[in-house]
Structure formats: structure tokens, C-alpha cells
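1. Sharing a model that was predicted from the sequence below.
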Amino acid sequence: GEEVSAFEAEFAAFCGTRHCIGVGNGTDALELALKALDLKPGERVATVANAGMYGTAAILAVGARPLFIDIDPATMNMSAASLAEQIDETTKAVIVTHLYGQLADMEGLQTIARQHGLSLIEDCAQAHGAARDGQRAGGFGDIGCYSFYPTKNLGALGDGGALVTNDEDLNERLMAMRQYGWRERFVSTPPLGRNSRLDEMQAALLRVKLPFVSGWNAKRREVIKRYSEALADRELTWPAMRGENHVAHLCVVRSKKRDALQEHLRAMNIGAGVHYPLPDYHQPSVMAAIGESDPLPETEASTARILSLPCFPGMTEAELEAVIGAIKSADI
């Protein structure tokens, strides 16, 4: 059918990139992006440790080694200063996650990547439509990777993903690699190809939903605005909202009494999660693969305090007031 190719053209236009390559899911997108860069075994890829293992898992899956970079405490995204301090001659690429829907400091990170000849991959799984000065997530680096898991700002009925790029060679390579390395049918040319295709039905649904994303993002931002204004007297640190810079995939606050607040909300039948409680370098699978890593101070401080409050475009006034009232009654 034509739904996948039509969605690829529409999503590339949405992201402001020349190309879009639909794949099976966001993790496949990250792995294919790394494979397309021809990383050698043992070479390192810089990433953060507070983004739920997605980038780290992809790095380990392709035989590379993660280099964990500390975060900017204001945004909880990768710190450009920390990246500059920690990279060395074995570092070949950077995965920058736009965590919770907020664009990272792409200008600063781009500068460092160029100075050191590093490939730059954007993990945009939580940042559909996030933009700065008219440029959207996915268009800053060499490759942008998206997930269309149902909970994302643009979600399918099941799994789905995509890569976006402005690079002609990377586009051709990725188009082949998502289907066994075929540049022509049954002839495999680029190595490390796999079966990772976006389904026609998922693409058809995504095409219907795509025109609504910007409006849904605005509603998500309005939810966080309502919370922060109504709860300004509470000892909570709110996301830094700067227009389209943040698409409010999650409303993540920080509290010195995080665990008590979470239990209080649960007792009032309000769900609140922790995205994500354990830095990647503390994960048993990572420690088994690469051994122990030095803890990162800002990452440790953040993961001890973060809490995700209910936030979605369809929240009703009654639901908003219920959450606000519950937090006002908490001893925080």
C-alpha cells in the first residue's frame, strides 16, 4: 500500500527534514541509527543515565559502550559542559534525549559534536513537535529517532517508530537496513540489516492523528501551567516551559518529599509515577556488561526527587481540580 510512504513524506515535512524512514518501533530506530554510523566494537557513545535505558540498551545492542554524561539540573537534559569534560578519543557519537518533551541544549551540544567530529543522534521519542526558533526535534542532529508507542504525543494503535534525517547517504542506508539491507529485492548490500517495517495500518492511523499533534501539545502545556499556577506555594520544582520548546509529554515535578507525596496521591486514588527511578549505570544489566560507573551528582539528585503527575490532552476540569486539591492537602 501507500500509507507508509505517504506518512513518511508528511512526517518529514512536520519535522522539517528531507527524509523519514518508518520502522517497527523507537528502539529499532535507535539501533539502526547507531548501526548506520559503522561503530566499531568497543567505541563509545555518550548518553544520559536518567532516560529509562532506551539509549543505553541500543548502544549495548550494537556492541558499543555507553559513556554516561551528567545532566543540566535546570532541564534534566544532557549538559553540554559535562559532555565537553567527559568525551575522549574513543567517543564516536552522542545520543541526546529530549527528556519529558523538552528540547535539549542542541546549540551547545552541536558545537561540541562538531569540534570533536562526533555523530549526533536525537532521541525524540517524547518530543514530537518540540521546536526552537522554528526548528523541530529531529532536525538538529545527523539522525532523529521517534517512537509512536500509544502513550507518546503522537501514538499509534501499537508499536511503531521512525528515523528522520537530512543526509542523503544515511537515508539510503537506513531505507535498506530496515528491510534486510535490500537496495534491490532479495539483494542485501549494507550489513547489519534487519526486518523492522512500519505497518500500513499504523501509518494510516498516524496520518489521521498527525494534524492534531500541535493542538494536543498546547493542551498538555496548559495542564502544566494550571498546576504550576495553582500550586505555586508548594515546595515543588516545575518544568521550565518556554513555548514550543517543551511539548509536555510528561509533567515531571521535583520534590524533596517525593515518596511521601506519591503515597499521598495513591491514597487518594491518583496515579503518579517515577520516570525513571534508577540511573542506567545502576541497572544490573549495564553493570554486568560494563562494570561499575562513577555516579553523576546531578543525575543522582534528580532521580531521587522526580514525580510524574497526570498530564494528557483530554484531562477534564474535574480531574485537574482533583489533582490540585490532593497536592494542596499533602504535607510537602
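-> Cool, the structure landed. Residues are numbered from 1 along each chain as shown.

2. Would you map the helices across this protein?
-> 3-15, 26-36, 54-61, 80-86, 106-116, 168-177, 200-209, 213-230, 258-267, 284-290, 297-303, 317-328 (DSSP state H).

3. what's the angle between the second one and helix 168-177?
-> Counting by axes from the mean of the first three to the mean of the last three Cα atoms, to 10 degrees, helix 26-36 lies at 120 degrees to helix 168-177.

4. Helix 26-36 to helix 54-61, inter-axis angle?
-> Counting by the same axes, to 10 degrees, helix 26-36 lies at 50 degrees to helix 54-61.

5. For Pro310, find the nearest of the helices of the chain.
-> Nearest to Pro310, of all the helices of the chain, is helix 317-328, at 5.7 Å by Cβ to Cβ. Just so you know, the C-beta spots here come from the backbone N, C-alpha and C atoms, and that holds for glycine as well.

6. What residues of the closest one count as buried?
-> For helix 317-328, the buried set under the neighbour-count rule, 16 or more other Cβ atoms under 10 Å, comprises Leu320, Ala322, Val323, Ile324, Ala326, Ile327.

7. quick revisit: okay, the helices of the chain in a markdown table with mean pLDDT and distance to Cys311 next?
-> Converted to a markdown table, the helices of the chain look like this (pLDDT from 0 to 100; distance: least, Cβ to Cβ, whole Å):
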| stretch | mean pLDDT | distance to Cys311 |
| --- | --- | --- |
| helix 3-15 | 98 | 22 |
| helix 26-36 | 97 | 20 |
| helix 54-61 | 97 | 20 |
| helix 80-86 | 98 | 27 |
| helix 106-116 | 97 | 24 |
| helix 168-177 | 97 | 32 |
| helix 200-209 | 98 | 18 |
| helix 213-230 | 98 | 5 |
| helix 258-267 | 98 | 13 |
| helix 284-290 | 97 | 29 |
| helix 297-303 | 98 | 18 |
| helix 317-328 | 98 | 9 |
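
8. Most tightly packed of those?
-> helix 26-36 (a mean of 26; mean count of other Cβ atoms under 10 Å).

9. Check what contacts that helix and list those residues.
-> Here helix 26-36 makes contact (Cβ atoms under 8 Å, 6 or more residues apart in numbering) with 23, 45, 54-55, 57-59, 61-62, 64, 93, 95, 121, 123, 125, 143, 145-149, 161-163, 170, 173-174, 177-178, 190, 192, 194, 196.

10. One more: stretch 40-48?
-> Contacting residues not belonging to stretch 40-48 are listed as 34, 39, 55-56, 59, 63-71, 77-78, 83, 86-88, 90-95, 97, 99, 118, 280, 299 [Cβ under 8 Å, 6+ apart].

11. A ChimeraX selection for those, restricted to the buried ones, would help me check which they are.
-> The ChimeraX command for the buried members of the contacts of stretch 40-48 (criterion: 16+ other Cβ under 10 Å) is given here:
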select :34,39,55,56,59,64,65,66,67,68,69,70,71,77,78,83,86,87,91,92,93,94,95,97,99,118,280,299
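
12. Find me the pLDDT at Pro41, would you?
-> On the pLDDT scale, Pro41 is placed at 82.

13. What count of nearby residues applies to it?
-> Residues lying near Pro41 (other Cβ atoms under 10 Å) number 8.

14. What backbone torsions are found at it?
-> Phi and psi for Pro41, reported as degrees, to the nearest 10, are phi -50, psi 130.

15. now Cys124: how far from Arg194?
-> 21 Å (Cβ to Cβ, to the nearest Å).

16. got the contact list for Pro150?
-> By Cβ under 8 Å, 6+ apart, Pro150 lies in contact with Ala156, Leu157, Gly158.

17. hmm, try it at 7 Å
-> Ala156, Leu157 (Cβ atoms under 7 Å, 6 or more residues apart in numbering).

18. ditto for Ser82
-> Residues near Ser82 by Cβ under 7 Å, 6+ apart: Ile69, Asp70.

19. redo that, cut-off 10 Å
-> By Cβ atoms under 10 Å, 6 or more residues apart in numbering, Ser82 lies in contact with Ala46, Val48, Phe68, Ile69, Asp70, Ile71, Asp72, Leu296, Glu298, Thr299.

20. What pLDDT does the model give the residue nearest to the third one when sequence neighbours are not counted?
-> Spelled out, that is Phe68. Spatial nearest neighbour of Phe68, chain neighbours left out: Ala49 (4.5 Å); criterion: Cβ to Cβ, 6 or more residues apart in numbering. Per-residue confidence (pLDDT) for Ala49: 98.

21. Do I have it right that Ala49 meets Gln283?
-> Yes. Using Cβ atoms under 10 Å, Ala49 is in contact with Gln283, at 8.9 Å.

22. When these two are compared, which one has more neighbours?
-> Comparing Ala49 with Gln283 by other Cβ under 10 Å, the one with more neighbours is Ala49, at 28 against 16.

23. Next up, phi/psi of that one, please.
-> The phi/psi pair for Ala49 (degrees, to the nearest 10) reads phi -110, psi 10.
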